[in-house]
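Q: next come a sequence and a model predicted from it.
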Amino acid sequence: MAWERADPRRRAEPLTGQAPGGILVSNALRGDEMGQRSPLVTLAATAAGLVVLLVVNSTQTGSPTPTATAATPTSAAAAGPTAAAPTAPATTEPPASATPQEPTRTIPPKQQQAVYAGRTSAHEATVAIAVKGARAVAYVCDGRSLEAWLTGTFTSGRLALRSRTGERLVGTVTDKTATGSFTLHGRTLRFAVGLAGPPAGLYRTSSKSSTIGWIVLPDGSQVGIDNDGTPAPAPRLDPLSRVATVDGAPVSARSIAGDETF
Amino acid sequence: MTTVPVHKASRIAIPLSVGAAAAVALGVYGRIHDPTGVAIDIAGFSSFRSVKAWLATLALVLGLLQVVSAMALFGHFRALAGRAWVGPVHRWSGRAAVAVTLPVVAHCLYALGFQYGEPRVLIHSLLGCFFYGAFVVKMLSLSRTDAPSWLLPLAGGAVFTGLVGLWLTSSLWFFTTFGIIR
């Protein structure tokens, strides 16, 4: 092995041997400049780099402080959407409900009102559909640049929705799921999404200059787009208080029930 | 004489358990941190997902260089035997490979989290934790002169296997689903 001969300090031993071979290779891999600590420095630098990136992320994506981001989701994630439901202002169900799980599991037949939310089958985007009576509203959004607000009819279990810009959404709704497809620019995104009880759901706020939509999923995650002519990722919405901070000012969003028109 | 087996066990157990702890910590963070769906953007790309797909591809190329240079260091290539630059190339390509994965994993952990909605996503989430766990094992086994000689190639092989699996379940999926886009 010529490379061993190049270094006279090292004894010529078979590299495939037991410990000595391993140590020789270790020395070569480790580098002589920093001895044994070099991999530890690499490891520490990697860990520090990851932490820095996570902190940069949390300060760049609309959350006021990293601690605030950490605090809200932990409680929401730990408690779970169903457990958090009673604290959320109930729009769809009467607040005095003895069993909090029930409203999220079944559609009250008299009201015919429910929200379904989830990701499209290939995870291109997130879909939320709010159904109330014979009307329905859907919002499709990828959290970055693609979004569509659709309104239309819900008759005998079938959805037929359109957006102002020509996208279409058709589907069928059962007690627990909504399935169908969304067509945009000739592309079809399929979806099969489940019932989403508060605080999961569809939220919207609009001003003269912009419209923001959020979909909060049952697992606590959310996607949203702030559209002031140019779609951009929405700031984080607190699903419990329904308040987001836009350009430094608090903005409150309303929950979409399904009979709205835009 | 009871300290000998303890020492023998610890020289393997310490790197492995620290690596396992790192893997579990990443998975737990990915699970309890509320995924935001958005993260910082990098200019010049259509979306952060394409940034990630390309960075992961770069990491895979550097990973291949890692395997080749490691084999050279172990004396498997006569043509590269005795070249003093093989060691530095191995070290720095490895550092570069890990460095380019950092923005990717930060986005994965921060914006997406540990998910298991479909097999590809579950495998990807598990491999992501495994990859960094194996990386920790490899760095720690390098820094111990008493580690058995098989631990380093095993850890290095595990890191590379994890990287290939991660690339297949993310970048290849992304390129085949959306096309090779920038």
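A: Sure thing, it's come through.

Q: can you list contacts of the helix or strand bottoming out on mean pLDDT in chain B?
A: Lowest by mean pLDDT, DSSP states H and E among the helices and strands of chain B is helix B:173-178, with a mean of 82. Helix B:173-178 is contacted by residues A:122, B:49-50, B:52-53, B:120 when judged by Cβ atoms under 8 Å, 6 or more residues apart in numbering or on different chains. Heads up, the C-betas are built off the backbone N, CA and C, glycines and all.

Q: in that helix, what counts as buried?
A: For helix B:173-178, a neighbour-count test (16 or more other Cβ atoms under 10 Å in any protein chain shown) marks B:173-174 as buried.

Q: please name the nearest non-neighbouring residue to residue B:151.
A: Excluding the flanking residues, the one nearest residue B:151 by Cβ to Cβ, 6 or more residues apart in numbering or on different chains is residue B:141, at 4.6 Å.

Q: so residue A:132 makes contact with residue A:151?
A: No: in this structure, residue A:132 is not within contact of residue A:151 by Cβ atoms under 8 Å, at 11.3 Å.

Q: for chain B, what's the longest helix?
A: The residue-count maximum for a helix in chain B (DSSP state H) belongs to helix B:3-32.

Q: only the buried residues of that one, if you could.
A: For helix B:3-32, a neighbour-count test (16+ other Cβ under 10 Å) marks B:11-12, B:15-16, B:18-20, B:22-23, B:26-27, B:30 as buried.

Q: also stretch A:238-246?
A: Buried residues in stretch A:238-246, counted by 16+ other Cβ under 10 Å: A:238-240, A:242, A:244, A:246.

Q: for those, which one is nearest chain B?
A: Closest approach between the buried residues of stretch A:238-246 and chain B, by Cβ to the nearest Cβ: residue A:239, at 9.9 Å.

Q: ok, that closest one to residue A:138 distance?
A: Separation of residue A:239 from residue A:138 (Cβ to Cβ, to the nearest Å): 19 Å.

Q: the residue nearest to residue B:151 contacts residue B:152, doesn't it?
A: Yes: assessed by Cβ under 8 Å, residue B:141 is found in contact with residue B:152 at 5.3 Å.

Q: more neighbours: those two, which one.
A: When neighbours are counted by other Cβ atoms under 10 Å in any protein chain shown, residue B:141 and residue B:152 differ, and residue B:141 comes out ahead with 27 against 23.

Q: closest one of the buried residues of stretch A:238-246 to residue B:166?
A: Nearest to residue B:166, judged by Cβ to Cβ, of those is residue A:239 at 31.4 Å.

Q: just say helix, strand or coil for the closest residue to the closest one other than its chain neighbours.
A: Among residues not flanking residue A:239 along the chain, residue A:199 sits closest, at 3.7 Å (Cβ to Cβ, 6+ apart). At residue A:199 the chain is in coil, as set by DSSP: H, G, I helix; E, B strand; the rest coil.

Q: and residue B:148, by the same measure?
A: Per three-state DSSP, the local secondary structure of residue B:148 is coil.

Q: now do residue B:76
A: Per three-state DSSP, the local secondary structure of residue B:76 is coil.

Q: for it, give me its contacts.
A: Shown in contact with residue B:76 (Cβ under 8 Å, 6+ apart): no residues.

Q: next, the buried residues of stretch A:184-200.
A: Residues A:184, A:189, A:191, A:193, A:195-200 are the ones in stretch A:184-200 that count as buried (16+ other Cβ under 10 Å).
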